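Student: All I have is the shape, not the residue letters:
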């Protein structure tokens, strides 16, 4: 279906619907921090269902603010005659510092805030932060989808890996954290290119993880600590893909015969770190992927599976909706859900600029 929808629309939908998912999953913090997913579904039903949710009543959270900051950094660096990875990292630091002024009522993550504050205090111009054993949260993943829009092509994969890792470990210097950014960006690239069936994405990720590990070795920054903590993310994804029967990248996904709200809640807690579904770098993209696999072209089913659940629902929603939009555009999405989204115009403009940049060369070294 994606080849029937203009690429421009799919870029715009990826950015806008990511904001929609975030806003709906967040609901002023009421649904993001609601542990009982069944209660969220009851509240959605009481409001008339998904189609009756007017997004103008749902401000975006820190997820969309930081996603826009990432996009803005990619765009700003892309304007230069020669784009380099160090330039991008310095611009990301600048944009992340600036976006912290727009966090009132948006529930910015503690790891993001503390890391950005550390970067802001630095006077040596270095953007690398120490390894953080507690840096495995989803804050790197929920803002990385636009990297896949900037580097969507297979020949750009090494740029996607480098940009995802380095943008991620500006705040989340732990493989469980920044590998979530790699997954979020990679799957966005897969979605917008449309050359791989969704069931094959997980297999592709496992191959890219090996390339990412090599990048970490070559980067020379806290290599031993990163490699020592590498296995958690990789093993969690191997287990998940095996459960769904798609580790081989060829089979169709297998879901339980009964996979309603209650069953999904139990599964999301099972794959989560400390029972909070979507709060970590490994399971935020995993829950988003699970929702996309199950939903197909149904916006409503995507929301029911990926937006409205106990745990870090706005982050899984932001990621899942970005991928869905990159495949299906705005087809089947009620206008009430997206037309009056906060920052919609900024997201549309960023999408258009990322599309223009997607064919521009990029250099990893200065």
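Tutor: That came through fine. Note that the structure is predicted; figures quoted are calculated from it, not measured. Residues are numbered from 1 along each chain as shown.

Student: just checking, residue 261 touches residue 37?
Tutor: Yes - between residue 261 and residue 37 there is a contact at 5.9 Å, judged by C-beta atoms under 8 Å. Quick note: C-beta positions are derived from backbone N, CA and C, even for glycine.

Student: Need the residues touching each of these two.
Tutor: residue 309 (C-beta atoms under 8 Å, 6 or more residues apart in numbering).

Student: The two - which one has more neighbours?
Tutor: Ranked by neighbour count (other C-beta atoms under 10 Å), residue 261 and residue 37 place residue 37 first, with 23 against 19.

Student: what about the closest residue to residue 280 other than its chain neighbours, distance to residue 227?
Tutor: Distances taken as C-beta to C-beta, 6 or more residues apart in numbering place residue 273 nearest to residue 280, at 4.3 Å, with adjacent residues excluded. Distance from residue 273 to residue 227, counting by C-beta to C-beta, to the nearest Å: 20 Å.

Student: Neighbour count for the two, which is higher?
Tutor: More crowded of residue 273 and residue 227, by other C-beta under 10 Å: residue 273, with 17 against 13.

Student: Doesn't the more buried one lie inside a strand?
Tutor: No - counting by DSSP: H, G, I helix; E, B strand; the rest coil, residue 273 is not found in a strand; it is coil.

Student: Renumber starting at 368 from here on
Tutor: Okay, using 368 as the starting number, the last item reads as residue 640.

Student: you'd agree it is up against residue 648?
Tutor: No - checked against C-beta under 8 Å, the pair residue 640 and residue 648 is beyond contact range at 9.1 Å.

Student: Mutual contacts of those two, please.
Tutor: By C-beta under 8 Å, 6+ apart, residue 640 and residue 648 have these common neighbours: 503, 543.

Student: Give me the pLDDT value at the nearest residue to residue 713 once chain neighbours are set aside.
Tutor: If the residues on either side of it in the chain are set aside, residue 713 comes closest to residue 435, at 6.0 Å by C-beta to C-beta, 6+ apart. Per-residue confidence at residue 435 stands at 98 (pLDDT).

Student: gap between the host helix or strand of residue 435 and the chain center?
Tutor: In the assignment (DSSP states H and E), residue 435 maps to helix 429-445. Computed by C-alpha atoms, centre = their mean, to the nearest Å, the chain-centroid distance of helix 429-445 equals 13 Å.

Student: what's the answer for stretch 617-632, then?
Tutor: 22 Å.

Student: how long is that stretch end to end?
Tutor: Stretch 617-632 has an end-to-end distance of 27 Å (C-alpha to C-alpha, to the nearest Å).

Student: Perfect, I'm done here.
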